[in-house]
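Visitor: Model the structure of this input:
(2 chains)
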2 protein chains.
Amino acid sequence: MIGEEPSKIRANEADERAFIVRALTALDVSQSDARDVADVLVAADLRGVESHGIARLDTFYCRRIEAGVVAARPQYTVLRESPTQIALDAGNGLGHPAGIHAMRAAIAKAEQTGIGLATLRNSNHFGIGAYYAMMALDRGMIGLAMTNSTHLAVPTFGRQKTQGTNPIAVAIPAADGPPYVLDMATTAVTFGRLEVSDRKSKELKPGWAVDADGRETRDPRIAMTTGALLPLGGYGTENGGHKGYGLGALVEILCGVLSGGPFGTDLGLDERGLHGGTVGNFFGAFRVDAIRDLPLFGRDLDRQLGLLRAGRTSPGVERVLVAGDPEREHTERYRSEGVPIDPKVWETIDALADRLGIAKLDRFVVEPV
Amino acid sequence: MIGEEPSKIRANEADERAFIVRALTALDVSQSDARDVADVLVAADLRGVESHGIARLDTFYCRRIEAGVVAARPQYTVLRESPTQIALDAGNGLGHPAGIHAMRAAIAKAEQTGIGLATLRNSNHFGIGAYYAMMALDRGMIGLAMTNSTHLAVPTFGRQKTQGTNPIAVAIPAADGPPYVLDMATTAVTFGRLEVSDRKSKELKPGWAVDADGRETRDPRIAMTTGALLPLGGYGTENGGHKGYGLGALVEILCGVLSGGPFGTDLGLDERGLHGGTVGNFFGAFRVDAIRDLPLFGRDLDRQLGLLRAGRTSPGVERVLVAGDPEREHTERYRSEGVPIDPKVWETIDALADRLGIAKLDRFVVEPV
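Guide: This next block holds a predicted model:
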């Protein structure tokens, strides 16, 4: 979730990365796996997707390892393999190293055959999908990453939660300009948006959520407790809610059913609960030059994205953006100014440091300009 | 577009198919190509997607061939080929036989390697994407089809039309139950919905369209003339309009830029105009058994879709549907009851028969029950 005023308390990117490695290695995670997790979480914070960064280190990763529901030293298993596809079991390990492992396998296959697909089952929350899709970029490939997730959303006209925010991420390499990086939940908004509305005592917008009976609700409390998220397109079919539902169900099928992992009611777990091994992923890598010369493609993509960015805007709007632009601009800014971390998140990571007996994350406060 | 009360005047499926073949072969299209077009158009009418069926035979296909802007006897060219991918040029022929040709090529590659991708450039309007995606089903494959299209939609916060309704179709084979068939425009609604609102003098819903300045409009006339469609998710970013825009742009990149065909301002053509060769497609076929045993996967998909269909509903709603259900139910009904054809469409096809000097399409009027 992007767009809130960033915290004035910042961390240095390298310090944040080192802290995450300290925390995880203290829990017996290997250096290499801990570095993978740090890479993905820091990338999320740099991209302005605070909800998926260090904010989740304690509850989503460390506590689950400490409780023994996520394996610190997992064994990955190859379930099936061909020159173009691989089906993997993550051994209930952390989702980030497993995701990186699977996406690398897809890329290696695409190097040889032009295309690689990988599924991963028995894995855990992998952070931002864009990270994995973007791994394909410097190989001249189009990258794809999807994950199923805790069931928070209803199907169109339904009242039972049957799918998660189930994001789809696609990254496409350009030439001189920045790449195209789409990373979108298939729900209208994420759970975090409900939390923000609740915190600010603001009504929800129409099309965001339903109550326990499957009726649209504007009350964030109701939506967060007994209610559920609506798919992209909102309630019913009038604004295309069935399309968002259809995309979310597609992700559920590819990541849950195809991977051979849990799906349907087997995945209906509490977001903050202490569980493991329930998440599945679907990764893809496609060599652009199997279809078209990469430089020609890159030049044309630059032109296409440039046309969009130069387009005339609606009244009161500064510019038209392209998928990936806000996140890239955040990254450039936070690389030089430091990574903003919410004061409440600082509390959880300080407490985590105390609990694990490791050095705290250094903070520096940005001076008011 | 599904859901309006179907016309009481019906055609027999086989008669409709034969009429389309008569019309196209009278214009020097080969028997085989004409049969492909008939197959796709009749499938659309059977599925209840009347906007993409025989309604378009005259304006989109016959008139363009008569005007010489679409080739009756195209030459297909292979631009690049590998064991997993093929880039094709459709020689400015009709979109349906070219699409079937390209999807067959993708499927043949997937038979060998597990995955096949095909791009098509210099093609024309191909009808419903679901048709091509569904070609993969009886091979135990997941099928994918996308097309770019006449630019009718603005990007988020923009006022210039930069992308079409750019649909994405995915078909996934189940075991005993029906398959999962998602076929969705990446705009909130299609142009046809504006036309229906206009005809019924009804206001548009919020999130459907903008005026010439990129402001949201409720006026169907303004939307249809100087305005534009909004992406799935509606105006701005609040309900995820940037996600629909991102998906539509993705389709534009894969079908226009990657295929090597026209994109951006080169594709900004009048929907009803006499032009040819501007459309590009992206097709994919993925063998399920490269990842998981097909019967196991099919059984689990049946279970997942069954859970969705059996789900409790919002108040006043009869049942939860799964992508492809309404179209399949239409098909079953219209196969036995005849294909409903709008009286205005009948006029155009009767006039077409006269113009081409071919036998008219027989009609039978369904008796009131």
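Visitor: since we're on the residue in the stretch 251-369 of chain A that chain B sits nearest to, how many residues are nearby?
Guide: Closest approach between the stretch 251-369 of chain A and chain B, counting by Cβ to the nearest Cβ: A:Ser314, at 3.3 Å. Glycine gets a C-beta too; all of them are placed from N, C-alpha and C. Number of residues near A:Ser314 (other Cβ atoms under 10 Å in any protein chain shown) recorded here: 19.
Visitor: mind checking pLDDT for it?
Guide: Model confidence at A:Ser314, expressed as pLDDT, equals 96.
Visitor: Ignoring the adjacent residues along the chain, who's closest to it?
Guide: For A:Ser314, ignoring the flanking residues on the chain, the nearest one in space by Cβ to Cβ, 6 or more residues apart in numbering or on different chains is B:Gly214 at 3.3 Å.
Visitor: That neighbour contacts A:Arg312, doesn't it?
Guide: Yes - counting by Cβ atoms under 8 Å, B:Gly214 does reach A:Arg312; the two are 7.5 Å apart.
Visitor: Pull the contacting residues for the residue of the stretch 251-369 of chain A closest to chain B.
Guide: B:157-159, B:210, B:213-215 (Cβ atoms under 8 Å, 6 or more residues apart in numbering or on different chains).
Visitor: and if you look at A:Lys205?
Guide: Counting by Cβ under 8 Å, 6+ apart, A:Lys205 has contacts A:218, B:238-239.
Visitor: Of those residues, which is the most crowded?
Guide: B:Asn239 (27 neighbours).
Visitor: Show the contacting residues for it.
Guide: B:Asn239 sits in contact with A:188-189, A:205, A:207-208, A:232, A:234, A:239, B:207, B:233, where contact means Cβ under 8 Å, 6+ apart.
Visitor: repeat for A:Arg221
Guide: Contacts of A:Arg221 by Cβ under 8 Å, 6+ apart are A:Asp198.
Visitor: Backbone dihedrals for it, please?
Guide: A:Arg221 adopts backbone torsions of phi -60, psi -50, taken as degrees, to the nearest 10.
Visitor: May I have the predicted confidence score for the nearest residue to A:Arg287 once chain neighbours are set aside?
Guide: Nearest non-adjacent residue to A:Arg287, counting by Cβ to Cβ, 6+ apart: A:Gly114, 4.9 Å away. pLDDT for A:Gly114: 97.
Visitor: Same check on A:Glu252?
Guide: In this prediction, A:Glu252 has a pLDDT value of 97.
Visitor: Could you say which helix or strand holds it?
Guide: Assigned by DSSP states H and E, A:Glu252 belongs to helix A:241-252.
Visitor: after that helix, next one along is what?
Guide: strand A:279-287.
Visitor: roughly how far out does the longest helix out of those in chain A sit from the chain middle?
Guide: The longest helix of chain A (DSSP state H) is helix A:95-113. What separates the centre of helix A:95-113 from the centre of its chain is 17 Å, taken as Cα atoms, centre = their mean, to the nearest Å.
Visitor: Pretty sure A:Asp28 sits against A:Ala71.
Guide: No - in this structure, A:Asp28 is not within contact of A:Ala71 by Cβ under 8 Å, at 9.7 Å.
Visitor: Just the helices from chain A, written as ranges.
Guide: Under DSSP H, chain A gives helices at A:13-26, A:31-46, A:63-66, A:95-113, A:129-134, A:191-199, A:220-225, A:241-252, A:294-309, A:325-337, A:343-356.
Visitor: weakest of those helices in terms of mean pLDDT?
Guide: helix A:191-199 - the lowest mean pLDDT of those, at a mean of 90.
Visitor: picking up where we left off before, could you report the separation of the residue of the stretch 251-369 of chain A closest to chain B from B:Gly236?
Guide: As judged by Cβ to Cβ, to the nearest Å, A:Ser314 and B:Gly236 stand 8 Å apart.
Visitor: shared neighbours of these two, anything?
Guide: With Cβ under 8 Å, 6+ apart as the test, A:Ser314 and B:Gly236 both reach B:Phe157.
Visitor: what is the nearest residue to A:Leu254 once chain neighbours are set aside paired to in the beta sheet?
Guide: Spatial nearest neighbour of A:Leu254, chain neighbours left out: A:Phe282 (4.2 Å); criterion: Cβ to Cβ, 6+ apart. Taking DSSP bridges as the rule, A:Phe282 bridges to A:Thr119, A:Met146.
Visitor: OK, contacts around A:Phe282?
Guide: A:117-120, A:144-147, A:251, A:254-255, A:258-259.
Visitor: Columns distance to A:Leu308 and neighbour count on top of those residues, output as CSV?
Guide: Below are these laid out as CSV (distance: Cβ to Cβ, whole Å; neighbours: other Cβ atoms under 10 Å in any protein chain shown):
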residue, distance to A:Leu308, neighbour count
A:Leu117, 29, 27
A:Ala118, 31, 28
A:Thr119, 33, 29
A:Leu120, 33, 29
A:Leu144, 21, 23
A:Ala145, 23, 31
A:Met146, 24, 25
A:Thr147, 27, 29
A:Val251, 26, 25
A:Leu254, 28, 27
A:Cys255, 30, 28
A:Leu258, 33, 25
A:Ser259, 34, 29
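Visitor: Look up how far A:Thr237 lies from the closest residue to A:Ala223 other than its chain neighbours.
Guide: Once flanking residues are discounted, A:Ala223 sits nearest to A:Ala209: 3.5 Å by Cβ to Cβ, 6+ apart. Using Cβ to Cβ, we find A:Ala209 at a distance of 17 Å from A:Thr237.
Visitor: Of those two, give the one with the bigger neighbour count.
Guide: Between A:Ala209 and A:Thr237, A:Ala209 has the larger neighbour count (other Cβ under 10 Å), namely 31 against 18.
Visitor: close enough to count as contact, that one and A:Leu194?
Guide: Yes - using Cβ under 8 Å, A:Ala209 is in contact with A:Leu194, at 6.4 Å.
Visitor: can you pull the contacts of the closest residue to A:Gly140 other than its chain neighbours?
Guide: If you skip the residues right next to it in sequence, A:Gly140 has A:Leu294 as its closest partner in space, 4.7 Å away by Cβ to Cβ, 6+ apart. With contacts defined as Cβ under 8 Å, 6+ apart, A:Leu294 is in contact with A:140, A:173, A:288.
Visitor: which of these has the most neighbours?
Guide: A:Val288 (23 neighbours).
Visitor: I figured that one hits A:Pro173, correct?
Guide: Yes - with contact defined as Cβ under 8 Å, A:Val288 reaches A:Pro173; the gap is 6.7 Å.
Visitor: nearest to B:Ala130, of the contacts of A:Leu294?
Guide: A:Val288 (26.9 Å; Cβ to Cβ).
Visitor: where does the closest one sit relative to A:Arg299, distance-wise?
Guide: Taking Cβ to Cβ, one finds A:Val288 at 12 Å from A:Arg299.
Visitor: A:Asn122 too?
Guide: The value you get for A:Asn122 to A:Arg299, if Cβ to Cβ is used, is 42 Å.
Visitor: now do A:Leu117
Guide: Distance from A:Leu117 to A:Arg299, by Cβ to Cβ: 28 Å.
Visitor: Mind listing the shared neighbours of A:Ala209 and A:Leu194?
Guide: A:220, A:223, A:229.
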